[in-house]
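*Asks:* Pasting the sequence and the predicted model now:
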Amino acid sequence: MRFVAPLAIVAFVIAFIIVLSSSGAGSGSSGGSTSTGSTTTSSTTTTSGKRSGSKFAHRHTYTVRAGDTLGAIAIKTGVRVTTLEDLNPGLDPQGLVAGQKLKLR
């Protein structure tokens, strides 16, 4: 038991580091980047930062759902992350709450 406990702790720390590194949480950037694969879209981006092909283009607000990230919201709505941060002062990208309303325009 004297040797098993330290080995279990070391194994837990290694597994924890692997999970953190694969989730992108340790990247140090709070720009809302996601690791969802390709970010290329077929719609075009206008000068206001909105994509013309988005189904959220006509909406003025977006209601945060459980599991949403700022990067994912930007992709869904066609509004850039920097624009979302500018329109919603005091917004904490890591502290999004389900039901929270974000301004899109």
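*Replies:* Nice, thanks for sending it over.
*Asks:* Do you have the strands of this protein handy? List them.
*Replies:* Secondary structure of the chain by DSSP state E: the strands cover 61-63, 101-103.
*Asks:* Could you dump those strands into a markdown table with distance to residue 1, mean pLDDT and mean neighbour count added?
*Replies:* Placement of C-beta: from N, CA and C, glycine included. Putting the strands of the chain into a markdown table (distance: least, Cβ to Cβ, whole Å; pLDDT from 0 to 100; neighbours: other Cβ atoms under 10 Å) gives the following:
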| stretch | distance to residue 1 | mean pLDDT | mean neighbour count |
| --- | --- | --- | --- |
| strand 61-63 | 51 | 91 | 15 |
| strand 101-103 | 52 | 92 | 15 |
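*Asks:* Residue 60 is in contact with residue 104, isn't it?
*Replies:* Yes. Counting by Cβ atoms under 8 Å, residue 60 touches residue 104, with 5.9 Å between them.
*Asks:* Which one of the strands of the chain lies nearest to residue 86?
*Replies:* Among the strands of the chain, the nearest to residue 86 by Cβ to Cβ is strand 101-103 (9.5 Å).
*Asks:* ok, and what's touching that closest one?
*Replies:* Strand 101-103 has contacts (Cβ atoms under 8 Å, 6 or more residues apart in numbering) with 60-64, 73, 84, 87-88, 91.
*Asks:* What segments of this protein are helices?
*Replies:* Secondary structure of the chain (DSSP state H): helices located at 4-23, 70-77, 81-87.
*Asks:* Can you say which of these is packed in most?
*Replies:* Highest mean neighbour count among those (mean count of other Cβ atoms under 10 Å): helix 70-77, with a mean of 20.
*Asks:* Tell me the helices and strands packed up against that helix.
*Replies:* Helices and strands touching helix 70-77, by 3 or more Cβ pairs under 8 Å, 6 or more residues apart in numbering; DSSP states H and E, are strand 61-63, helix 81-87.
*Asks:* Now render the ones you listed as CSV, adding distance to residue 20.
*Replies:* Output for the helices and strands packed on helix 70-77, formatted as CSV (distance: least, Cβ to Cβ, whole Å):
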stretch, distance to residue 20
strand 61-63, 28
helix 81-87, 22
